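> Turn this into a structure:
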Amino acid sequence: MTPPKIMTWDPTQFFRTEEGRRPSSPYALLILNHPINEKAYDVLRKHALTTVCADGGANHFYEMMKARGREDVDHPNTIIGDLDSIRPSIKSHYQRHGVNVIYHHDDYSTDFTKALRYIRSHAKELLSSASTTPDHDHDQANQIQEDTTNSLSILILGGLGGRVDQAFSQIHHLYSNSTYTIPSNSPSHSSSSSSSSTEEEKGGKGSEGPLYLISEESITFILHPGKNVIRTPGVRRADIPPPPSSLSSNSTSKSDEGVYLLEENVGIIPLSGPEQITTKGFQWDVESWKTEIGGQISTSNHIRAEEVEVTAGGAVLLTLELAGRFKRSSQ
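Numbering: from 1, shown residues only. The predicted model follows:
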């Protein structure tokens, strides 16, 4: 009998950059047509290999930079879509500044999908450029070189507030563009585009990495069938006293804020029918627990370990609450 595959996920690696270290997984940013979580963007932009706006996402990017007085110096690398949402003045602005603006008309795919396929079609060259970036230290360069033969993660800056149908659309795209085959040369996680994508769209076998949706308050991704180990350092947990620096004030201190990457709240949601899940490392762990929409679902559970585990027969959605310093709604 073939042993079940174990998938390892490290979703907070993209936020653990205070000491100047790069995440071990190279990644691209995809900006959707939703208000941008600027606090998350400011951290994630530092090591992104490229930034791609899906059509109207360019409007939000421009307004963000204009508010900072940087609209003439900070640009996305590419804007792609049917270009029916981007404002003409913003389109002209970016074209004058040499941004790659691509008109792609396809009635059978959304701008989200167009942008995703574009990034994946250029994954190999992006990974290759990452392996030669001069400011990596030796260990980081070796890690990037290994990942060059593996996969490019894509961090999607979107939003789950506002219209409910658009929120469901983002979850739908996240699910339908994540599959569960591990490349033979990768001991860790991997995702790929939907089965309708060609090898050219995918950027070549093994080059697609996980998709992570960064919304106003959460980081969300699709767990694979089998056993998933999720690294969860830096959680603000109710069962652990806060750092001493925070005890001298009624409000959370800046040093306290700098410690945390996640809040303790987590949800595990089945998307394509009934599932049975087994968990470890949460406040309320379950074993072979049936979960389905319309029945029991796991929301508002609490992280209670540096690594947590979720085992399921099929793919399920995992959503983790970002620490306050990464939330768009934080003041």
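
> now stretch 303-319: mean pLDDT?
The average pLDDT within stretch 303-319 is 97.

> Would you indicate which residues of that stretch are buried?
Neighbour counts over stretch 303-319 (16 or more other C-beta atoms under 10 Å) mark 303-304, 308-312, 314-319 as buried. For glycine as for every other residue, the C-beta is placed from the backbone atoms N, C-alpha and C.

> Stretch 79-95 now?
79-83, 86, 90-91, 93-94.

> just stretch 235-243 next, same as before
By neighbour count on 16+ other C-beta under 10 Å, the buried set for stretch 235-243 is 235-237.

> So what touches that stretch?
255-256, 259-264, 283, 302-304, 323 (C-beta atoms under 8 Å, 6 or more residues apart in numbering).

> go on, stretch 153-167?
By C-beta under 8 Å, 6+ apart, stretch 153-167 touches 14, 25-32, 34-37, 40-41, 44, 48, 57, 112, 116, 119-120, 170-171, 174, 209-216, 218, 328.

> redo that, cut-off 6 Å
Here stretch 153-167 makes contact (C-beta atoms under 6 Å, 6 or more residues apart in numbering) with 25, 27-32, 34, 36, 44, 119, 170, 209-216.

> taking those residues one by one, which sit in strands?
Counting by DSSP state E, the contacts of stretch 153-167 place 27-31, 209-214 in strands.

> now these as TSV including distance to Ser129 and pLDDT?
Formatted as TSV, those follow (distance: C-beta to C-beta, whole Å; pLDDT from 0 to 100):
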residue	distance to Ser129	pLDDT
Tyr27	13	97
Ala28	11	98
Leu29	15	98
Leu30	18	98
Ile31	20	98
Gly209	15	90
Pro210	20	94
Leu211	21	97
Tyr212	21	98
Leu213	25	97
Ile214	23	97
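
> quick check, nearest of these to Asp10?
Pro210 (9.8 Å; C-beta to C-beta).

> Contacts made by stretch 72-90 with the rest, please.
Under the criterion C-beta under 6 Å, 6+ apart, residues 33, 50-56, 58-59, 61-62, 65, 97, 99-105, 111, 114-115, 118 lie in contact with stretch 72-90.

> Among these, name the buried ones.
33, 50-56, 58-59, 61-62, 65, 99, 101, 104, 111, 114-115, 118.

> Which strands and helices lie in contact with the longest strand along the chain?
Longest strand in the chain by number of residues (criterion: DSSP E): strand 262-270. Helices and strands touching strand 262-270, by 3 or more C-beta pairs under 6 Å, 6 or more residues apart in numbering; DSSP states H and E, are strand 235-236, strand 298-302, strand 316-322.

> Tell me which of these lies nearest to Met7.
Using C-beta to C-beta, the nearest of the helices and strands packed on strand 262-270 to Met7 is strand 316-322, at 11.1 Å.

> now the angle between strand 262-270 and that closest one, please.
160 degrees (axes from the mean of the first three to the mean of the last three C-alpha atoms, to 10 degrees).

> Could you list the residues in contact with strand 316-322?
Under C-beta under 6 Å, 6+ apart, the answer for strand 316-322 is 217-220, 222-223, 262-263, 265-271, 275.

> can you do 8 Å?
11, 15, 40, 171, 174-175, 214, 217-223, 228, 230, 232, 261-271, 275, 277, 291, 303, 310.

> For the spatially most central residue of the chain, list the residues it contacts.
The residue lying closest to the centre of the chain (C-alpha atoms, centre = their mean) is Tyr212, at 2.1 Å. Taking C-beta under 8 Å, 6+ apart, we find Tyr212 in contact with 11, 14, 153-156, 219-221.
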